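Engineer: this one's structure only:
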């Protein structure tokens, strides 16, 4: 039975510190910060798309014990498709807090007439997986988290692959320099490559305004870690690999991709090796990445490099009965 003293209310900006403490208690291996959450909100607010978003907090005697949120993804935008998150403090799990939050969340979503709602949790969280199933969500995709021990990495094993193939040059966002021209240049490459990334819905164009906000977060931007392969004959940017700072001591891998007509030439592997060099120079302990289970080429590259596969993140989805469409 849910505690009758439980109250649920909309969140305010002043609640961010308490929300960070809750999230870090639920997912201690994936630390977040107030600055990081604020940046996510700024990125959402920067887009010209009419994104819908709501955040609810559950409290007992003034203490935050759970939160739920619905959002829409600017890179997979559909006006009636939503992502959802629900977390309950470990000390209060199993006491009805999640059920109460889910009930309010569905009520908040109802006026938007959703076609689908997607949420996820890790494969070693049976309570969470069961909760999603009881809410009517079914698995649609898995992402494998992997980590690379940077100090232990043996570059000698990849001496032949570390240099870019003949006819290509390596540059970075740091070398390009901060300018409107550099932002537009990176945006054009990134926008094309990201559409080939496996995802639960079709990718839609990411607005430039959201891109600029994402790429200019001082807390996570690592200009020397945004690496580009340039085809010397045409001067065209053809491949990209990203490293980002995290709220912890590790670095996160962002997008790694190659334009279709330049694939199978070793560019992705060379860029990943260059990224590991950057991490080594910075004295970073590990690099973390997440790859979809249906992305065997990138999974293969990471395994070859020695990334150690961790637990999978499972995305599940509720769909309105009769709706089988994807984002358009």
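Structural biologist: Ah, there it is. Source: prediction; values computed, not measured.

Engineer: residue ranges for the strands of the stretch 201-328 of the chain, please.
Structural biologist: Assigned by DSSP state E, counting those that start in this stretch, the stretch 201-328 of the chain shows strands spanning 226-231, 236-245, 251-258, 286-292, 308-319.

Engineer: Same list as before, those that is, but in JSON lines and with mean neighbour count, distance to residue 24 and mean pLDDT included.
Structural biologist: All C-beta atoms are positioned from the backbone trio N, CA, C, and that covers glycine. Formatted as JSON lines, these follow (neighbours: other Cβ atoms under 10 Å; distance: least, Cβ to Cβ, whole Å; pLDDT from 0 to 100):
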{"stretch": "strand 226-231", "mean neighbour count": "22", "distance to residue 24": "27", "mean pLDDT": "97"}
{"stretch": "strand 236-245", "mean neighbour count": "22", "distance to residue 24": "17", "mean pLDDT": "95"}
{"stretch": "strand 251-258", "mean neighbour count": "21", "distance to residue 24": "17", "mean pLDDT": "94"}
{"stretch": "strand 286-292", "mean neighbour count": "20", "distance to residue 24": "16", "mean pLDDT": "92"}
{"stretch": "strand 308-319", "mean neighbour count": "17", "distance to residue 24": "17", "mean pLDDT": "93"}
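
Engineer: Output those in a markdown table; the columns should cover distance to residue 153.
Structural biologist: Output for those, formatted as a markdown table (distance: least, Cβ to Cβ, whole Å):
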| stretch | distance to residue 153 |
| --- | --- |
| strand 226-231 | 16 |
| strand 236-245 | 14 |
| strand 251-258 | 13 |
| strand 286-292 | 9 |
| strand 308-319 | 12 |
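
Engineer: These: which one's closest to residue 55?
Structural biologist: Residue 55 lies closest to strand 308-319 among these, at 19.2 Å (Cβ to Cβ).

Engineer: For that closest one, name the packing helices and strands.
Structural biologist: Counting contacts by 3 or more Cβ pairs under 8 Å, 6 or more residues apart in numbering; DSSP states H and E, strand 308-319 is packed against strand 116-122, helix 126-134, strand 138-149.

Engineer: Quick check: which of these is buried the most?
Structural biologist: Among these, the stretch with the highest mean neighbour count (mean count of other Cβ atoms under 10 Å) is strand 116-122, at a mean of 21.

Engineer: Contacts for it next, please.
Structural biologist: 70, 80-86, 109, 128-129, 132, 137, 140, 200, 311-320, 323 (Cβ atoms under 8 Å, 6 or more residues apart in numbering).

Engineer: change it to 7 Å
Structural biologist: With Cβ atoms under 7 Å, 6 or more residues apart in numbering as the test, strand 116-122 has contacts from 81-86, 109, 128-129, 132, 137, 200, 311, 313-320, 323.

Engineer: Just give me the neighbour total for residue 156.
Structural biologist: 7 (other Cβ atoms under 10 Å).

Engineer: Check the spacing between it and residue 162 real quick.
Structural biologist: Shown here: residue 156 relative to residue 162, a distance of 10 Å by Cβ to Cβ, to the nearest Å.

Engineer: Quick check: residue 48 vs residue 195, distance?
Structural biologist: For residue 48 relative to residue 195 (Cβ to Cβ), the value is 19 Å.

Engineer: Which of the two has more residues huddled nearby?
Structural biologist: Using other Cβ under 10 Å as the criterion, residue 48 and residue 195 rank with residue 195 on top: 14 against 10.

Engineer: Could you find the closest non-adjacent residue to the more buried one?
Structural biologist: residue 203 (4.6 Å; Cβ to Cβ, 6 or more residues apart in numbering).

Engineer: again, but for residue 64
Structural biologist: residue 18 (4.6 Å).

Engineer: In the helix or strand hosting that neighbour, which residues are buried?
Structural biologist: Taking DSSP states H and E as the definition, one finds residue 18 inside helix 16-26. Buried residues in helix 16-26, counted by 16 or more other Cβ atoms under 10 Å: 16, 18, 19, 20, 22, 23, 26.

Engineer: who touches residue 169 in this structure?
Structural biologist: Neighbours of residue 169 in contact, by Cβ under 7 Å, 6+ apart: 230, 232.

Engineer: re earlier: what's the distance between the residue nearest to residue 64 and residue 67?
Structural biologist: 9 Å.

Engineer: just residue 6 next, same as before
Structural biologist: In this structure, residue 6 lies at 13 Å from residue 67, with Cβ to Cβ as the measure.

Engineer: When the two are compared, which one has more neighbours?
Structural biologist: residue 67 (25 against 18).

Engineer: since we're on the residue nearest to that one when sequence neighbours are not counted, how many residues are nearby?
Structural biologist: Closest residue to residue 67 in three dimensions, ignoring its sequence neighbours and counting by Cβ to Cβ, 6+ apart: residue 57, at 5.1 Å. By other Cβ under 10 Å, the residues close to residue 57 number 21.

Engineer: ok, now residue 8?
Structural biologist: 17.

Engineer: and what of residue 46?
Structural biologist: For residue 46, the count of nearby residues is 17 (other Cβ under 10 Å).

Engineer: who's in contact with it?
Structural biologist: Here residue 46 is in contact with 209, 210, 213 (Cβ under 7 Å, 6+ apart).
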